[in-house]
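> coords below, sequence missing:
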């Protein structure tokens, strides 16, 4: 069974050398107290906690799953104790507002910690993770009374939270939802309806669960403009802030899923449950979307996580497993066969996983920095620019990273041959766990429509050029830099193609709106490959610089590995854009010509 | 939960219109008695059996799995009864030799039946399936006595069989195997050792299990040239042909797998088990490989099966599930939203699955015809030509179809959104079940090396031109055929690229053998996409012809659908070759440059 080891060397490379986190923190509009040693103290502690406390629970949780009874849901062995330890360590409040007991650190620090915890067990990490959406909703839209009632315990982790959106007939299309909220008195409402796919809707890890619920007020307009937001606690809270009576919300059943068995998914019945309005009536959906960027980044991280787990599993196996001889000559003459890492195709799989995992880390941490700047940038212009970047990059990050996280997990199984298919090695669990990531928090198709429709077309291309300007400026600066030619040429080309494709799609969509949808996912993937090429080019540049500065022996290996992986990415992964260009250009006709009956 | 419906209309199209099975059977060197109505009688009966008897067991089997105890293995509820019914129906003996009680039908008929049964439950289909390898081994290499002892009951299905190859330290690289066979007397041997991953090694469905076992004789040479083949029954057989004493072979444990839970995978302990030599000492591995083609085709079918199952699940859901409005205008004004099949990206996924499932059927049935001709062709030249085609097409069929079967299963989940991830709809089971197909019966990497190394390079390209001649002749014949231009141009181009890439790889491999491995999987996939383009062009041609002949209304929809799907394939799937060409040409350096320590 694999045990997770935090990839500290690579995190150090990305935070220190590539993205210069210390400078980044110094440039925020408040003193966040994160010099390099402080950053590293947090990261190392999170690494230890993830490796020693969370990682050992992961396989067990997959086998046990969660158990439902009419009295509630029991989480897998060890989950509750680990959560207590997590709360005692102060982790839940890391990036939470200081006025409610949080530590007020920037979101980026939370993203790094989330990567570590989630890599150790994506199932476990969901419980504290879901809480964050509830907190952000209350912070942004709750009344003072609601904030004081719920936030301190949510921030400390003593209580957890959920987001209750989906109903059986609608997930993406929330305009169809039917749950009702009837006003009674004093801002109190009675909620009735059934929600499905409620992550962490019921469990035994915390003393209370705070549900954020989308529902309709009486006489509300149909569709998305008639949805309001409510907070509905599992246990009502007394005036003294203590746990009061059980509210009329319960878990009717739990789902049997392909993976993340330790992460409970509930059907939640609201049978006249007491709730409180958050924000304006009928403005619930808008409120939900304001913090979509950070929620989607957290899901995007799973693409990184499943790639990292696949890599950590597959590399040692490929080094140890002996099968066949290298075609270019025996490499392990003492043994009965060569380790399979000598075979080019095994390396192709390992390098695919590696180039994704490390590329994703750079991409995700960069986006995390933009989250910081959007909130804490020194000037309005900086904050605006970061928000613009987030608007463009978030759907790419979520859609692209999770799709390829699934691919990486598939390769992770493949490297093991038949052994990959059995429970023992953890690779099949990684693949099963990865599969949810392209579905929840907006499917890949939804991310893709958001990108091409709302973001690129909606801004008349300005959100796109915001980012491509950065990339092209980088290309400009380094086209004569030693060793960089092999990266700069293709990156520039891909960026120009990206702009041109957006243009082409825009034109054809003017005549037929289905052209947008027809190009959407391929455009999202094209965007992702180009963005990752930018980060790989930047990583290669840093590695070349470090080598020139005379790196230590051990570090030389590290930087060589970076440069080789960058080359692999440019020669073996980026060329996927060639196909995507053709399929995007092929237009909507090949999808729309067929009558529904002909399917 | 999905219930399987045999795609009879499409099978009819492929067998009657595309591949002209009736003519094919008439051209064999014996009267196989398969006129169209006889073919259809068999196919319809197999369809009924698959739909009504096997399909209902599939989801239940996934949940129950197989239960191990020291006394043996219990298969999922209903498996044993269904197997009895299958035997009573005479299915096990369909394509088996008449002298041992078989019906002597050509292999292709068995392939069609296998598709149906396997689509209904890939787990269940393994039990009769594994028996076939054991039968072929005995038919080809057994002594008369062994044949008479084992074949009649294997052929009737009363007994099942296994192939015991893998050991914990070696699967692909069988030269490392350690199981020992010590001669005792009268062609009897005592076998000792442990085999793993033995499919159907122990179960309760048949009264005896006949293991074909690879082992080493005392003093045998090391490596693959010291492996012999033995038959080791679970129960010894008395001189009267009855079940005798229990042999010393037992199932030590069973594997916990990602999927195919109903298909038991055993650790088999041979603790001084009595066995009988099959064929020549030390020639066991060669013997095994003689019928690899048909075994690999059976596994390849799983690519077809998982695509078909994904399609049958996803299409009705996409027609019923209401979410959002079509960007090009409301399509379902009466309802609260449009069915998701109006959205271009949903269609992209459905058409990807459809173009694979139907393309694979054409490809697999064509290969099945070659199996018939290789055995029963009228002239030595015909038989030789078919064997040559099989040599080339088998690894493509196995590697390409199973890789894309996994992709199709992934899309099948994706169309359902979050609902795809839960057990209820069967899509996640389909994806879990599909994952084994690229691993067993030779991983994709092994198929790819077989293709580029042994087949293409080993024949100096002649095996490849054997097939490309057929394709190019087709292109030649139809370049002026009405409507066919859009298919013939790209098909011809792709075929020329295919030949050129083989040439390029051959040249670079002359300087560095790792170039073979570096190109191998991408070359296999390139080959697959080109082969499938050939079959899609042929299917489009047939559909155009049928339309010209004036098809019935219902048939017009069918043929339109074929033509639209062919277009989709050429415009959206075949362009994947553009990337593969680039990655093949990128060479081995980007894979081999990195030191093992740098991973």
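Cool, the structure landed. All figures in this text were calculated on a predicted structure; none of them were measured in a lab.

> just say helix, strand or coil for residue A:213.
Following DSSP: H, G, I helix; E, B strand; the rest coil, residue A:213 is assigned to strand.

> from chain B, how far off is it?
Using C-beta to the nearest C-beta, to the nearest Å, residue A:213 is found at 18 Å from chain B. (Glycine included, C-beta is placed from N, CA and C.)

> burial count for that residue?
28 (other C-beta atoms under 10 Å in any protein chain shown).

> residue numbers of the stretch 101-250 of chain A in contact with chain B?
A:166, A:169, A:170, A:171, A:172, A:173, A:175, A:176, A:197 (C-beta under 8 Å from any C-beta of the partner chain).

> swap in 10 Å and give it another go.
For the stretch 101-250 of chain A, the residues in contact with chain B (C-beta under 10 Å from any C-beta of the partner chain) are A:166, A:168-176, A:196-197, A:222-223.

> so residue A:301 sits against residue A:397, correct?
Yes: with contacts counted by C-beta atoms under 10 Å, residue A:301 reaches residue A:397, the gap being 8.9 Å.

> give me the common contacts of these two.
Common contacts of residue A:301 and residue A:397 (C-beta atoms under 10 Å, 6 or more residues apart in numbering or on different chains): A:360, A:364, A:367, A:368.

> on that earlier part again, neighbour count: residue A:301 and residue A:397, which is higher?
residue A:301 (32 against 29).

> so does the helix or strand harbouring that one get close to chain B?
Using DSSP states H and E, residue A:301 falls within helix A:292-320. Yes: Helix A:292-320 reaches chain B (C-beta under 10 Å from any C-beta) through A:311, A:314, A:315, A:316, A:318, A:319.

> give the buried subset of the residues you listed as a PyMOL selection command.
Selection of buried members from those for PyMOL, criterion 16 or more other C-beta atoms under 10 Å in any protein chain shown:
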select buried, chain A and resi 311+314+315+318
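
> quick check: buried residues in the helix holding residue A:301?
Quick answer for helix A:292-320 (16+ other C-beta under 10 Å): A:292-315, A:317-318.

> swap in stretch A:456-472?
Here stretch A:456-472 shows A:456, A:457, A:461, A:463, A:464, A:465, A:466, A:467, A:468, A:471, A:472 as buried, counting by 16+ other C-beta under 10 Å.

> chain center to it: distance?
22 Å (C-alpha atoms, centre = their mean, to the nearest Å).

> that stretch and chain B, are they touching?
No: under the criterion of C-beta under 10 Å from any C-beta, stretch A:456-472 makes no contact with chain B; the nearest approach is 11.1 Å.

> low-confidence stretches in chain A?
Along chain A, the model assigns pLDDT under 70 to residues A:1-2.

> can you tell me the element the residue of the stretch 1-150 of chain A found nearest chain B falls in?
Of all residues in the stretch 1-150 of chain A, residue A:63 sits closest to chain B, at 8.4 Å by C-beta to the nearest C-beta. Here residue A:63 sits within helix A:58-64, counting by DSSP H and E.

> mind listing residues that contact that helix?
A:1-4, A:54, A:57, A:74-79, A:119-124, A:259-263, A:309, A:423-426, A:428-430, A:432-433, B:256.

> what sits against residue A:488?
A:474, A:475, A:476, A:477, A:478, A:479, A:480, A:481, A:537, A:540, A:541.

> so which of the residues you listed are in helices?
A:474, A:475, A:476, A:477, A:478, A:537, A:540, A:541 (DSSP state H).

> count the residues that sit near the second one.
Spelled out, it's residue A:475. Neighbours around residue A:475, by other C-beta under 10 Å: 21.

> over to the third one?
By other C-beta under 10 Å, the residues close to residue A:476 number 11.

> again with the last one
The number of residues packed near residue A:541 is 22, by other C-beta under 10 Å.

> do I have it right that it meets residue A:478?
Yes: Residue A:541 lies in contact with residue A:478 (C-beta under 10 Å); the separation is 6.4 Å.

> phi, psi for residue A:77 please.
Here is the backbone geometry of residue A:77 (degrees, to the nearest 10): phi -50, psi 130.

> an error on my part: the question was meant for residue A:269.
Torsion angles, degrees, to the nearest 10, at residue A:269: phi -100, psi 120.

> residues contacting the nearest residue to it once chain neighbours are set aside?
Distances taken as C-beta to C-beta, 6 or more residues apart in numbering or on different chains put residue A:252 closest to residue A:269, at 4.8 Å, once the chain neighbours are dropped. Taking C-beta under 10 Å, 6+ apart, we find residue A:252 in contact with A:68, A:70, A:194, A:195, A:196, A:201, A:202, A:266, A:267, A:268, A:269, A:271.
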